[in-house]
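S.K.: Pasting a predicted model and its sequence here:
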Amino acid sequence: AAEAAADPQTAPAAAEDTAAAATTAGSSSGFSTGSSPRSSSGRSLAEGDECKGLWKTGRKWFTCTVLRVNDDGTYFLRYSDGDEWEAVPPERMKFKDGSALPSRTGWDPDHPKHGVLSVNRALLDELFPEIKAIFKPQIVKYSNTNTKIDTENDGEHGEKLDWKVSSYMEVDAANGGAMQRNVSVDPALLELCQPLLAQCNAAFTAWYEQLHGAGSVKDLVRLQSFITRYRPFPNENSLLRHIDGAHVDGSAILALPTDSPFTGGGVTVWEGTPEVTYKYPMDPGDLCLLDNYVWHQGNPITAGERWSLVIFYAVSNKTAQTSNTQRLLQTMKRAALDKQKEQGELEVA
């Protein structure tokens, strides 16, 4: 996640197309879903309406007819090729004009590998004073040699620097990250944040299964969870462009309140080929969810303090037990395939 130690990677060139989190809509899980700028609030579909839909886990859009609106918010659709699907999630649909339906999980087919939701702030406001009172940042060695980092303004993000911005609640002894294995977890902070962790687990599971299919989360494992505080000092003001560890299936970044208003900040995510830049202000209560191998950063602040809760996930005990070396090889293979795909598209263009 944007607030944690990461595998150093050299970033590909970023496109300048930018999207931001926009309006929100309620959900039964206690979260509301952040819609893309193309979403149209207040619109709905009814029986007989035409729309666009994806089939199952595919990526091809079909013209569809709504046969029924289901009580759970899904739709019974007939596709243009004659197939029917009785419970199509709205995240896999668009209005006829191409604008997105309000999402229940934060998943968006236009940027499927990350999503943004919002949580009710009441619980955050209640817990934040206690979180701040017991927060004790621990020193870890952080390494990020990304060539796109602005060392003049944002600090020396180089080899094995002392990084003292996070207080850890959970660190998996075998797979929690090489730089965090010697930290002491804080059981009091973990106990205090249990309601937030439970909500993040539920939101991440719903979003991840929307992307990878029902049942893709076998046994959700939190490899790491920690509270991060950014301050306007070198090596404390941001965590610049990186991907999370090769052993991480997905991540969650929950923006917390602050009693010291900050300037700057937010989260930037890069996704797609060609690459598209998405910038999110991350107001308190916003939850950013990331798939494995997604470039992102915690943007620099210039004043105040910015607080976040961050979680690294594995989606089964089997993947959690896969060695870091194996996961790193898998990630390197994926990076090579992404590069080949990008070069192929450039040659075609």
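M.R.: Yep, that arrived. As the structure is a prediction and not an experimental result, all values here were calculated from the model. Numbering: from 1, shown residues only.
S.K.: Residue ranges in the stretch 201-349 of the chain under the pLDDT threshold?
M.R.: Filtered on pLDDT under 70, the stretch 201-349 of the chain yields the residue ranges 318-349.
S.K.: If we use 80, what do you get?
M.R.: 245-246, 317-349 (pLDDT under 80).
S.K.: now the helices for it?
M.R.: 317-321, 324-348 (DSSP state H, counting those that start in this stretch).
S.K.: do the same with the stretch 51-200 of the chain
M.R.: Under DSSP H, counting those that start in this stretch, the stretch 51-200 of the chain gives helices at 121-134, 151-154, 187-192, 194-212.
S.K.: Worst mean pLDDT among the ones you listed?
M.R.: In terms of mean pLDDT, the lowest-scoring of these is helix 151-154 (a mean of 47).
S.K.: now the helices of the stretch 51-200 of the chain in CSV, with mean neighbour count and distance to Tyr280?
M.R.: C-beta coordinates here come from the backbone N, C-alpha and C atoms, glycine included. Output for those, formatted as CSV (neighbours: other CB atoms under 10 Å; distance: least, CB to CB, whole Å):
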stretch, mean neighbour count, distance to Tyr280
helix 121-134, 14, 16
helix 151-154, 12, 19
helix 187-192, 14, 25
helix 194-212, 19, 15
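S.K.: among these, which is nearest Thr268?
M.R.: Nearest to Thr268, of all these, is helix 151-154, at 12.9 Å by CB to CB.
S.K.: and the helices of the stretch 51-200 of the chain as a markdown table, adding distance to Pro112?
M.R.: Listed next are the helices of the stretch 51-200 of the chain as a markdown table, based on distance: least, CB to CB, whole Å:
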| stretch | distance to Pro112 |
| --- | --- |
| helix 121-134 | 27 |
| helix 151-154 | 30 |
| helix 187-192 | 31 |
| helix 194-212 | 6 |
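S.K.: So for Met169, which of the ones you listed sits nearest?
M.R.: Met169 lies closest to helix 187-192 among these, at 4.0 Å (CB to CB).
S.K.: which residues are in contact with the closest one?
M.R.: Contact partners of helix 187-192, identified using CB atoms under 8 Å, 6 or more residues apart in numbering, comprise 127, 130-131, 134-135, 167, 169-170, 197, 225, 227.
S.K.: closest to Asp286 out of the helices of the stretch 51-200 of the chain?
M.R.: Comparing the helices of the stretch 51-200 of the chain by CB to CB, helix 121-134 comes nearest, at 9.9 Å.
S.K.: what's next to that closest one, contact-wise?
M.R.: With CB under 8 Å, 6+ apart, helix 121-134 has contacts from 186, 188-189, 192-193, 195-196, 227, 256-259, 284-285, 307.
S.K.: Tell me the one of those nearest Ser238?
M.R.: The nearest one, if we look at the contacts of helix 121-134 relative to Ser238 and count by CB to CB, is Trp307, at 13.8 Å.
S.K.: quick one: contacts for that closest one?
M.R.: The contact partners of Trp307, taken as CB under 8 Å, 6+ apart, are 128, 131-132, 227-230, 255-258.
S.K.: just the strands in the stretch 151-300 of the chain please.
M.R.: With strands called from DSSP state E, counting those that start in this stretch, the stretch 151-300 of the chain shows them at 161-171, 221-230, 239-242, 250-255, 263-264, 267-271, 276-280, 286-291, 295-298.
S.K.: Go through the ones you listed and name the closest to Asp72.
M.R.: In terms of CB to CB, the element of those nearest to Asp72 is strand 286-291, at 21.2 Å.
S.K.: Partner strands of that closest one, with direction?
M.R.: strand 114-119 (antiparallel), strand 250-255 (antiparallel) (DSSP bridges).
S.K.: and the angle from it to strand 267-271?
M.R.: Angle, strand 286-291 to strand 267-271, by axes from the mean of the first three to the mean of the last three CA atoms, to 10 degrees: 30 degrees.
S.K.: Give me the residues contacting strand 286-291.
M.R.: With contacts defined as CB under 8 Å, 6+ apart, strand 286-291 is touched by 1-2, 21, 31, 34, 106, 112-119, 200, 203-204, 207-208, 211, 244, 249-255, 267, 269, 280, 282, 296.
S.K.: redo that, cut-off 6 Å
M.R.: For strand 286-291, contacts defined as CB atoms under 6 Å, 6 or more residues apart in numbering pick out 106, 113-119, 204, 207, 250-255, 267.
S.K.: Now do that strand against helix 194-212, angle only.
M.R.: 50 degrees.
S.K.: Could you figure out how far strand 286-291 is turned away from helix 121-134?
M.R.: Using the same axes, to 10 degrees: strand 286-291 against helix 121-134 is 80 degrees.
S.K.: With just CA atoms, put strand 286-291 into CSV.
M.R.: Coordinates of the C-alpha atoms in strand 286-291 are reproduced here as CSV (Å, rounded to 0.1, in the frame of the first residue of the first chain):
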residue,chain,number,x,y,z
ASP,A,286,-11.8,6.9,2.1
LEU,A,287,-10.6,3.3,1.5
CYS,A,288,-8.3,2.5,-1.5
LEU,A,289,-8.1,-1.2,-2.5
LEU,A,290,-5.2,-2.5,-4.6
ASP,A,291,-4.6,-5.7,-6.5
